[in-house]
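# Compute the structure for the input listed below.
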Amino acid sequence: MTELERVHAEDERLARERKKLARDGPKLKGPRLEARLARTWRRPPGILGWLATVDHKEIGRRYIVTALIFLALGGVLALAMRVQLAQPDSALISAQRYNELFTMHGSTMMFLFAVPVMEGVAVYIIPLMVGTRSTAFPRLNAFSYFMYLFGGLMLWVAFVLNVGPDIGWFAYTPLSGPQFSPGKRADVWAQMITFTEVSALAAAVVLITTILKTRAPGMTLARMPLFAWAMLVVAVMIVFSMPAVALASSMLIADRLIGTNFYNAAEHGDALLWQHLFWFFGHPEVYIIFLPATGFVSVITETFCRRPVFAYPVVVLALVSTGILAFGLWVHHMFATGLPRVGYSFYTSASMTVAIPTGLQIFCWLATMWDGRPRFQVPMLYVVGFIVTFVIGGLSGVIIASVPLDLQLHDTYFIVAHFHYVLIGGAVFPLLGALTYWYPKITGRMMSETLGKIGFWMIFLGFQLAFFPMHISGLLGMPRRVYTYPAGLGLELPNLLSSIGAFVVAAAVMLFVVNGLVSLYRGAIAPPNPWGAASLEWATTSPPPAYNFAHIPVAESRTPLWDNVAELPVVTGLRVDQKEILLTTVVAAAPDLREPVPAPSLWPFIASVAVGILFVSSIFSPWAVVFGAIPAAIAIAAWFWPKEIKREPEPVIT
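Numbers count the residues shown, from 1 in each chain. Sure, this is the predicted structure:
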């Protein structure tokens, strides 16, 4: 037999074996198929199975719940600060304790709540939205959650043990350096940054690959849901921005632990280097938090107006351009540092220009509402509240983009008002709307509409009461980061109103949580598509099974559930005896490859524990980096050790 004949014979043999494999299709569908997939995709039982799972839905739920717990903790600290500032000359909280409170509040909200909760929602929803059974790199996804959890636990355990950070959530040098911050408080903060950045980078890689390579056949880039576009832009921004702050925090640890002088001006270092590195991350960070919220708004607006979002290409280009422009704004945080004035005009113009794509998105949403018939249920109410609140925050942002105005306002409560309007109004309002919107998808139950509307109006009005008076406090000259203020400056009423508003907001958030918990057990059973939405996450049951879809759907338009009312077209041929997903091409989403999905494994958890021990112990000794790297390397090597995948063919199912 010639070589060519041998090759043909082998091809024929493989073809016969492939025909024998158990695959979904005309001969295997319905309850029989679902039973086979449920058996194949189920997680191992018990606590070990809980730790080993790589199901994106479980990991997404953990992200969301953990982030909401950190939101509650950060909110309690905010209430404590507002009680202190409700009256002048208050001695309820000391200056040192107040420094710890606002450092923990800012660090918790920015690093442990805002970004992780957006990633958690994306980890849960994106695979369903793009019509696949799993994320790419599911073990890396699990690793990212554990790193995030351990970083947050380290920060809060340190706070409980009275060694929490007291240097502000921005940790400006030289105040955070060894000369002015002895002890380990600053080291705890810097190492928490390392935890959260490793987690965010891992999740970003997972999301980028999932969005680009696992979309349902037919879901071209021009048909991709706007939330998926928003998360793709955000994940790319994370990849480019997070290394800057990880580098900055590592250099700070080195200055404090081994005597380097990156930020020590007396030894030819540069204290402003910290601000450049930190804000090169910090301003994209604002849009990393904000852009997922715009994705929420697009999805909710489309669903409740029963219209595709107006000018889809404009919204996509606005998302991309915002992601690009966000990297050219960081110096507007540094107008008061005495940098050469010649560069200020560039950053002023860039800071004003970035408002244009956001404005375009707002006009597109308003046009969608105008063209449709909005149903003002709870998720849509949060969209309206977002637009009103974010426009106010955006206008104040344009004001402080001007150098002369920023020099006067930069260290006042005007800035505190501005960034809370942008971050709470621009991110938390859409988040609460999105959690209400996807709550039936996650739990299979509907939240109470009555409690939801009461909670919305409480948080909307309470927020305005809490933060609008801070504009006045700032214009009257109240500095930021002060633990008290003297009477007779006109600051009493604005601060009292802000404190009252903060408690109204806290009560509204508590009502939201109560509504969620009660609805989890007593809420109305959700139908498969309770809102009449158009995207693919509603094409499966609520809550989804472990395998997401019995057959991989085909997307023939941007609104597949509206355009295929009877039954979605599907592709068949994936194995049911082993976990397998379909990879598609990046642009056209044409079927490309079948990809095996890794089985549940404890190694991501073990690796995260080993890396976590390395990070925490390196706070106390540089030798921990050397010796701690050994178990971390072993765990990671075991995780990635090549394993032979045995695929035994099964008989044909008739």
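# Any regions of the stretch 1-150 of the chain where pLDDT drops low?
Along the stretch 1-150 of the chain, segments meeting pLDDT under 70 span 1-21, 25.
# again, only using 90
The stretch 1-150 of the chain contains residues with pLDDT under 90 at 1-37, 43-46, 91.
# which residues in it form helices?
For the stretch 1-150 of the chain, the helices defined by DSSP state H, counting those that start in this stretch cover 3-20, 30-41, 46-52, 56-85, 95-107, 115-129, 138-160.
# Tell me which of these sits nearest to A367.
Nearest to A367, of all the helices of the stretch 1-150 of the chain, is helix 115-129, at 23.3 Å by CB to CB. The way it works is simple: take the backbone N, C-alpha and C, and place the C-beta from them, glycine included.
# Next, the angle from the closest one to helix 56-85.
Interaxial angle, helix 115-129 versus helix 56-85 (axes from the mean of the first three to the mean of the last three CA atoms, to 10 degrees): 150 degrees.
# tell me the centre residue of this structure?
By CA atoms, centre = their mean, the chain has its centre lying nearest to M118, at 2.4 Å.
# re earlier: same list (the helices of the stretch 1-150 of the chain) but as JSON lines, adding distance to V309.
Shown next, in JSON lines, are the helices of the stretch 1-150 of the chain (distance: least, CB to CB, whole Å):
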{"stretch": "helix 3-20", "distance to V309": "42"}
{"stretch": "helix 30-41", "distance to V309": "33"}
{"stretch": "helix 46-52", "distance to V309": "39"}
{"stretch": "helix 56-85", "distance to V309": "24"}
{"stretch": "helix 95-107", "distance to V309": "34"}
{"stretch": "helix 115-129", "distance to V309": "15"}
{"stretch": "helix 138-160", "distance to V309": "29"}
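# Out of the ones you listed, indicate the one that is most buried.
Highest mean neighbour count among those (mean count of other CB atoms under 10 Å): helix 115-129, with a mean of 27.
# What is it packed up against?
helix 56-85, helix 138-160, helix 185-213, helix 226-257, helix 271-305, helix 429-443 (3 or more CB pairs under 8 Å, 6 or more residues apart in numbering; DSSP states H and E).
# Adding distance to A610, write these out as CSV.
Compiled in CSV, the helices and strands packed on helix 115-129 are given as follows (distance: least, CB to CB, whole Å):
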stretch, distance to A610
helix 56-85, 19
helix 138-160, 11
helix 185-213, 13
helix 226-257, 19
helix 271-305, 26
helix 429-443, 32
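# Can you say which of the ones you listed is nearest to L381?
L381 lies closest to helix 429-443 among the helices and strands packed on helix 115-129, at 7.5 Å (CB to CB).
# okay, the angle between the closest one and helix 226-257?
Using the same axes, to 10 degrees: helix 429-443 against helix 226-257 is 110 degrees.
# Which elements pack onto helix 429-443?
By 3+ CB pairs under 8 Å, 6+ apart, helix 429-443 packs against helix 56-85, helix 115-129, helix 271-305, helix 378-400, helix 449-475, helix 492-522.
# nearest to P569, of those?
Across the helices and strands packed on helix 429-443, P569 has its closest neighbour in helix 115-129 (17.4 Å, CB to CB).
# excluding its backbone neighbours, what's nearest Y483?
Y98 (3.6 Å; CB to CB, 6 or more residues apart in numbering).
# That neighbour: what's it in contact with?
Y98 makes contact with M81, Q84, Y483, according to CB atoms under 8 Å, 6 or more residues apart in numbering.
# before we move on, back to that, looking at the helices and strands packed on helix 429-443, spot the one closest to L33.
Nearest of these (CB to CB): helix 115-129, 18.4 Å.
# quick one: the closest one to helix 138-160, angle?
Using the same axes, to 10 degrees: helix 115-129 against helix 138-160 is 160 degrees.
# how far off helix 271-305 does helix 115-129 point, in degrees?
40 degrees.
# Buried deepest among the helices and strands packed on helix 429-443, which one?
Ranked by mean neighbour count, the helices and strands packed on helix 429-443 are led by helix 115-129 with a mean of 27 (mean count of other CB under 10 Å).
# and of the helices of the stretch 1-150 of the chain, who's closest to F620?
Ranking the helices of the stretch 1-150 of the chain by their distance to F620 (criterion: CB to CB) puts helix 138-160 first, at 12.3 Å.
# Could you export the closest one as PDB, CA atoms only?
The C-alpha trace of helix 138-160 is given here as PDB (Å, rounded to 0.1, in the frame of the first residue of the first chain):
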ATOM      1  CA  PRO A 138     -13.100  28.400  32.200                       C
ATOM      2  CA  ARG A 139     -10.400  27.400  34.700                       C
ATOM      3  CA  LEU A 140      -8.700  30.800  34.300                       C
ATOM      4  CA  ASN A 141     -12.200  32.300  35.000                       C
ATOM      5  CA  ALA A 142     -12.400  30.400  38.300                       C
ATOM      6  CA  PHE A 143      -8.900  31.500  39.200                       C
ATOM      7  CA  SER A 144      -9.800  35.100  38.600                       C
ATOM      8  CA  TYR A 145     -12.600  34.900  41.100                       C
ATOM      9  CA  PHE A 146     -10.600  33.400  43.900                       C
ATOM     10  CA  MET A 147      -7.800  36.000  43.400                       C
ATOM     11  CA  TYR A 148     -10.400  38.700  43.700                       C
ATOM     12  CA  LEU A 149     -11.900  37.100  46.800                       C
ATOM     13  CA  PHE A 150      -8.600  36.700  48.600                       C
ATOM     14  CA  GLY A 151      -7.500  40.300  47.800                       C
ATOM     15  CA  GLY A 152     -10.700  41.600  49.300                       C
ATOM     16  CA  LEU A 153     -10.500  39.400  52.400                       C
ATOM     17  CA  MET A 154      -6.900  40.500  53.000                       C
ATOM     18  CA  LEU A 155      -7.900  44.200  52.900                       C
ATOM     19  CA  TRP A 156     -10.800  43.800  55.300                       C
ATOM     20  CA  VAL A 157      -9.100  41.400  57.700                       C
ATOM     21  CA  ALA A 158      -6.300  44.000  58.000                       C
ATOM     22  CA  PHE A 159      -8.900  46.700  58.700                       C
ATOM     23  CA  VAL A 160     -10.500  44.600  61.400                       C
END
